[in-house]
Structures are given as C-alpha cells and as structure tokens.
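# the following comprises the amino acid sequence and a computationally predicted model.
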Amino acid sequence: MIGGRRGYLEMMKAAAASGLSKNQVEVLDLVRRTGALPLGALLDRVVEALHARFPHYTGVYLYWMDGPDALVLRTHRGRPTEHTRIPVSVGLCGRAAREKRTVIVDDVTADPSYLACSLETRSEIVVPIMRGDAVLGEIDIDGDMAKAYGPADQRFLEELAQLIATRIT
C-alpha cells in the first residue's frame, strides 16, 4: 500500500472525489512521487504501471518526438510493434501529434489511417504529451475490443500526460 493505511484512505478519498478509479489514482500518484529520473526511466515506469493495472490496455507504447517530423518509440509493454519510428504525417499517432489532441478510434479496422501493429487490435487511444503548444511525445494504447476507450480513459490519460510533461526538465 502506498503511504500506509492513512495514505491509502486519502488516496481512495481522492479517487472518489475526482471520479478516477483506484488504479488511475495510484498511477498518477506513482508519477507525482517520482523524483528526478532520466526520461527513459520515467517513461518505463509509466508503461509498466499502465500495462500491469489496466487489462484492457493490451499494448502500451510511449513515443517521443524526434525533431518536428517523427515520433520514436521509447518504451512499451504488451505486443511488440514494428513501428519504432512514425512520421507525423501518417497514422493515428501522427494525427494526434499534428492536431495536438487526443485521438480515440473505436474500430481501427474502419480507419484508413490506422497503422496496424497487431491483428488483434480493435481500438486505440493516443494522447499527446505537451508542454504549452509543443508536442513532446505520446501515450499510445491499443485494445483488443472495439470501443474499449471512453471519456474516463481520456481524462485519466490526459492528466497523466500533463504530469509526465511536468517531470521532464
């Protein structure tokens, strides 16, 4: 338990007040409590926590901007991907970077811009990690069920993306 019984109870109160689940609050708290870490170590902790705590997150990928035109895979959990470098001109990840907004696709088989990583993937959510107007990277999550991600996932992952952005020097 994080912070003993008292810390746990405070965390559960925060979860109830925010509308977030216990697992969501614990992941956010993990990032908040993380001291100064190199970027790779921070991102690795995040993907590990997301993949371990959310069974419907079957693939968790963290991409980082490499110049203005490409995203590079920094770390992941779940199914491997051949997409280790994605131009911002293509795919759902590229769309999220270009439009600087979260992209949710309920059925990837119906979206012509989807870059297939796995035949099992049916839905995807991509959340840009931003500082001001600049896209630093993205949280990219695949799911095996259609319509796997909704407003609760979006709120949580957008808050997580903001936290990650504050931890980067």
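Nice, thanks for sending it over.
# now the helices for this protein?
For the chain, the helices defined by DSSP state H cover 4-18, 22-33, 39-53, 91-99, 151-167.
# can you tell me which helices and strands the second one packs against?
I take that to be helix 22-33. helix 4-18, helix 39-53, helix 151-167 (3 or more Cβ pairs under 8 Å, 6 or more residues apart in numbering; DSSP states H and E). From N, CA and C alone the C-beta is placed, and that goes for glycine too.
# any idea how far the closest residue to Met145 other than its chain neighbours lies from Ala148?
Spatially, and ignoring its direct neighbours in sequence, Met145 is nearest to Arg122 (5.7 Å; Cβ to Cβ, 6 or more residues apart in numbering). Arg122 sits 7 Å away from Ala148, going by Cβ to Cβ, to the nearest Å.
# likewise for Leu115?
18 Å.
# more neighbours: which of these two?
Higher neighbour count among Leu115 and Ala148: Ala148, with 21 against 15, using other Cβ atoms under 10 Å.
# quick one: contacts for the most centrally placed residue in the chain?
Centroid check for the chain by Cα atoms, centre = their mean gives Ile139 as the closest residue, at 3.0 Å. Contacts for Ile139 (Cβ atoms under 8 Å, 6 or more residues apart in numbering) come out as Val46, Leu50, Val60, Tyr61, Leu62, Val126, Val127, Ile129, Leu157, Leu160, Ala161, Ile164.
# equivalent analysis for Ser89, please.
Asp69, Arg98.
# just the pLDDT at it, thanks.
Ser89 carries a pLDDT value of 95.
# cool, Asn23 as well?
94.
# same check, this time on Glu120
For Glu120, pLDDT reads 86.
# count the neighbours of it for me.
Neighbours around Glu120, by other Cβ under 10 Å: 12.
# correct me if wrong: it contacts Asp144.
Yes. Counting by Cβ atoms under 8 Å, Asp144 is a contact partner of Glu120 at 4.9 Å.
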